[in-house]
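# What follows is a predicted structure for the sequence shown.
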Amino acid sequence: MTKLPRLSGKVALVTGGGSGFGAAICRRFAEEGATVVVVDRDAVAGERTAREIGANAASIEADVALAADARRMIQTAVDRYGRLDILVNNAGRAQTPLPFTSTSEDEFDRLFAVNAKAIFLAAQHAVPVMRRQGGGVILNTVSVAAIRPRPNLTAYNSSKGAALLMSKSLAIELAPDNIRVNAVCPGPGDTPMLATFVGGDSAAHRAPFLSSIPLGRLTAPLDIANAMLFLASDEASVITGAVLEVDGGRCI
Ligand SMILES: NC(=O)c1ccc[n+]([C@@H]2O[C@H](COP(=O)([O-])OP(=O)(O)OC[C@H]3O[C@@H](n4cnc5c(N)ncnc54)[C@H](O)[C@@H]3O)[C@@H](O)[C@H]2O)c1
């Protein structure tokens with residue numbers, strides 16, 4: 001018997017889909033039969049991912065931290081494809097390491113807006129659609145920073161801590177609606193964002209981060225995409241409120 005692709009017939013919206021983990025999630029979901037809506041603040045990057053996937057993808061330019069954009073991205077996806085089965089809140093903002101005493105209030109607010117509030121806003125618009133359909137899946141890209149914080153990243157770490165708790169809180173609130181909510185926590189990742197955290201792009205900058213990872217390598221975009229694929233699929237139909245560390249053992 002031929003097996004259907006694991007996300008056959010599903011419509012998925014992935015924020016931050018123009019780069020890094022998000023782009024890999026879009027590609028992997030499409031390989032498994034999903035129609036993918038790529039959302040990114042960077043219109044060129046989002047369009048690149050959608051074009052690479054082809055006919056089963058579209059891109060939307062939106063800033064996930066803005067309530068009006070959150071509403072528009074969900075509405076546009078539903079208008080175009082008639083449903084929304086999977087929401088991946090993946091867009092995130094990095095922080096340059098700084099003592100918390102030197103982190104500005106503006107930077108704190110922006111980190112919380114993109115890394116935490118955006119999940120709340122997107123879910124507010126996606127959940128009514130999922131309820132009407134009889135269920136859905138929400139996946140949030142959190143971070144090992146929410147579990148095993150490093151110094152000088154207090155605002156970023158805390159915003160991810162809020163995202164982690166929000167995943168669990170939404171999971172318990174939405175379980176009666178058959179909407180599953182899970183968090184994926186990448187370790188230091190092989191994406192453009194890493195340079196901001198480690199203060200540069202060289203092997204020397206990465207070395208201290210690598211030395212704290214038991215498996216001795218960074219988290220690749222495909223590692224996150226495969227974990228997201230499992231959690232989005234029906235194979236994970238009893239998994240909700242989970243926090244999956246995909247980090248080479250960094251959190252041990
Ligand atoms: N790279 C790491 O080391 C690492 C580790 C743990 C967690 N994460 C998390 O993984 C997620 C993806 O990061 P990445 O490493 O792939 O980074 P990345 O910089 O490669 O990609 C992030 C994408 O998000 C988009 N984006 C940023 N702010 C946005 C906004 N307000 N609205 C819409 N789009 C926005 C960017 O334009 C970019 O395309 C983030 O939530 C990040 O916090 C990253």
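Received it, and whenever you're ready, just let me know what you need.
# Pull the distance from the longest strand along the chain to the chain's centre.
In the chain, assigned by DSSP state E, the strand with the most residues is strand 179-186. Its chain's C-alpha centre and that of strand 179-186 lie 9 Å apart, by C-alpha atoms, centre = their mean, to the nearest Å.
# ok, now stretch 31-39?
14 Å.
# buried ones in it?
32, 34-39 (16 or more other C-beta atoms under 10 Å). (C-beta placed from N, C-alpha, C; glycine too.)
# Name the nearest of the residues you listed relative to residue 50.
Within the buried residues of stretch 31-39, proximity to residue 50 (C-beta to C-beta) peaks at residue 38, which comes in at 4.7 Å.
# what pairs with the closest one across the strands?
Beta-bridge partners recorded for residue 38 (DSSP bridges): residue 14, residue 59.
# measure it to residue 94 for me?
As judged by C-beta to C-beta, to the nearest Å, residue 38 and residue 94 stand 20 Å apart.
# follow-up on the earlier one: specify which member of the buried residues of stretch 31-39 is nearest to the ligand.
residue 39 (6.2 Å; C-beta to the nearest ligand atom).
# for that closest one, what are its contacts?
Residue 39 makes contact with 13-17, 46, 59-62, 64, 73, 91, according to C-beta atoms under 8 Å, 6 or more residues apart in numbering.
# Can you list the helices and strands that the lowest-mean-pLDDT helix or strand in the chain packs against?
Counting by mean pLDDT, DSSP states H and E, the weakest-scoring helix or strand in the chain turns out to be helix 203-210, with a mean of 90. The helices and strands touching helix 203-210, judged by 3 or more C-beta pairs under 8 Å, 6 or more residues apart in numbering; DSSP states H and E, are helix 194-198.
# if you average pLDDT over the helix it packs on, what comes out?
Taken as a whole, helix 194-198 has a mean pLDDT of 93.
# And the residue nearest the centre of the chain, what's its pLDDT?
For the chain, the residue nearest the mean C-alpha position is residue 90 (2.0 Å; C-alpha atoms, centre = their mean). pLDDT recorded at residue 90 is 98.
# surely it meets residue 18?
No - in this structure, residue 90 is not within contact of residue 18 by C-beta atoms under 8 Å, at 10.4 Å.
# ranges for the strands of this structure?
Under DSSP E, the chain gives strands at 11-15, 35-40, 57-61, 86-89, 136-141, 179-186, 243-246.
# so where's the chain uncertain?
Scanning the chain for pLDDT under 70 picks out 1.
# Around the ligand, which positions in the stretch 151-252 of the chain sit nearby?
186, 188-189, 191-194, 197 (C-beta under 6 Å from any ligand atom).
# If any of those residues are buried, give me the ChimeraX selection for them.
The ChimeraX command for the buried members of these (criterion: 16+ other C-beta under 10 Å) is given here:
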select :186,188,189,191,193,194,197
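# the helices in the protein, which residues?
Using DSSP state H, the helices of the chain run over 20-31, 43-53, 67-81, 105-112, 118-133, 154-174, 194-198, 203-210, 221-232.
# so of these, which one's packed in deepest?
Mean neighbours per residue, mean count of other C-beta atoms under 10 Å, is largest over these for helix 20-31, with a mean of 26.
# what's the angle between it and strand 57-61?
150 degrees (axes from the mean of the first three to the mean of the last three C-alpha atoms, to 10 degrees).
# now for helix 20-31, which elements pack on it?
Using 3+ C-beta pairs under 8 Å, 6+ apart as the test, helix 20-31 ends up in contact with strand 11-15, strand 35-40, helix 43-53, strand 86-89, helix 221-232.
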